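Colleague: no sequence for this one, just the structure:
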Ligand SMILES: [Zn+2]
């Protein structure tokens, strides 16, 4: 889901122009950055679903019971937002907080049910995840939408477009998204 996360971060630039792109990119990936540290510390882990094909797209079980628990993700997002607000004011802080948490929402869509609600999966509550990774074409389509819409929003944030050009840019972006989506589905259903 890497390009999808980045597409979303680029799009967020429109809402907080003062926040630099690197900070948006970093926050979209902050949960995984913290995950890597906990992985190194042996607190969290990652295992292939099918050991025979360890590198297959999305074929991974991720045991990120702290960084990727609902409450853990909210805490990390709130901390990141608070830090960012000291540098880029309230608007920047709120944007960074939302972008950080958006990582969890995207993971919720694509992960197999492996996201706990409470850190450390306290109480063994049901694990969350809609498992879109089981449908590689659907998850790639979702990434494409995020990239295209994110890139469009980013362009709007860095280039001053006239009202008319703005409308044209949106139409082109949405038409491209629709075209790619129909290609995906035609492909999926063998049409
Ligand atoms: Zn993640």
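Modeller: Looks like it arrived, so ask away. None of these values were measured; they are calculated from a predicted model.
Colleague: Now the phi/psi pair for the closest residue to residue 115 other than its chain neighbours, please.
Modeller: Sequence neighbours aside, residue 128 is the residue nearest to residue 115 in space, at 4.4 Å (criterion: Cβ to Cβ, 6 or more residues apart in numbering). For glycine as for every other residue, the C-beta is placed from the backbone atoms N, C-alpha and C. Taking degrees, to the nearest 10, you get phi -110, psi 160 for the backbone angles of residue 128.
Colleague: any idea how far residue 128 is from residue 111?
Modeller: 8 Å (Cβ to Cβ, to the nearest Å).
Colleague: Between these two, which is the more surrounded one?
Modeller: Higher neighbour count among residue 128 and residue 111: residue 111, with 24 against 17, using other Cβ atoms under 10 Å.
Colleague: Could I get the contacting residues of the more buried one?
Modeller: 62, 68, 128, 129, 130, 131, 133 (Cβ atoms under 8 Å, 6 or more residues apart in numbering).
Colleague: for residue 21, same thing?
Modeller: Contacts of residue 21 by Cβ under 8 Å, 6+ apart are 9, 10, 13.
Colleague: Could you pick out the residues of the protein near the ion for me?
Modeller: 32, 107 (Cβ under 5 Å from the ion).
Colleague: who does the longest helix along the chain touch, helix- and strand-wise?
Modeller: Longest helix in the chain, counting residues (DSSP state H): helix 70-110. Counting contacts by 3 or more Cβ pairs under 8 Å, 6 or more residues apart in numbering; DSSP states H and E, helix 70-110 packs against helix 2-12, helix 21-28, helix 30-40, helix 136-158.
Colleague: Would you mind giving these as CSV with mean pLDDT added?
Modeller: What follows is these, written out as CSV (pLDDT from 0 to 100):
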stretch, mean pLDDT
helix 2-12, 76
helix 21-28, 89
helix 30-40, 92
helix 136-158, 78
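Colleague: Now tabulate these in TSV and tack on distance to residue 90.
Modeller: Shown next, in TSV, are the helices and strands packed on helix 70-110 (distance: least, Cβ to Cβ, whole Å):
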stretch	distance to residue 90
helix 2-12	15
helix 21-28	15
helix 30-40	19
helix 136-158	18
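Colleague: Of the contacts of residue 111, grab the buried ones for PyMOL.
Modeller: Here is the PyMOL command that selects the buried residues among the contacts of residue 111 (16 or more other Cβ atoms under 10 Å):
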select buried, resi 62+68+128+129+133
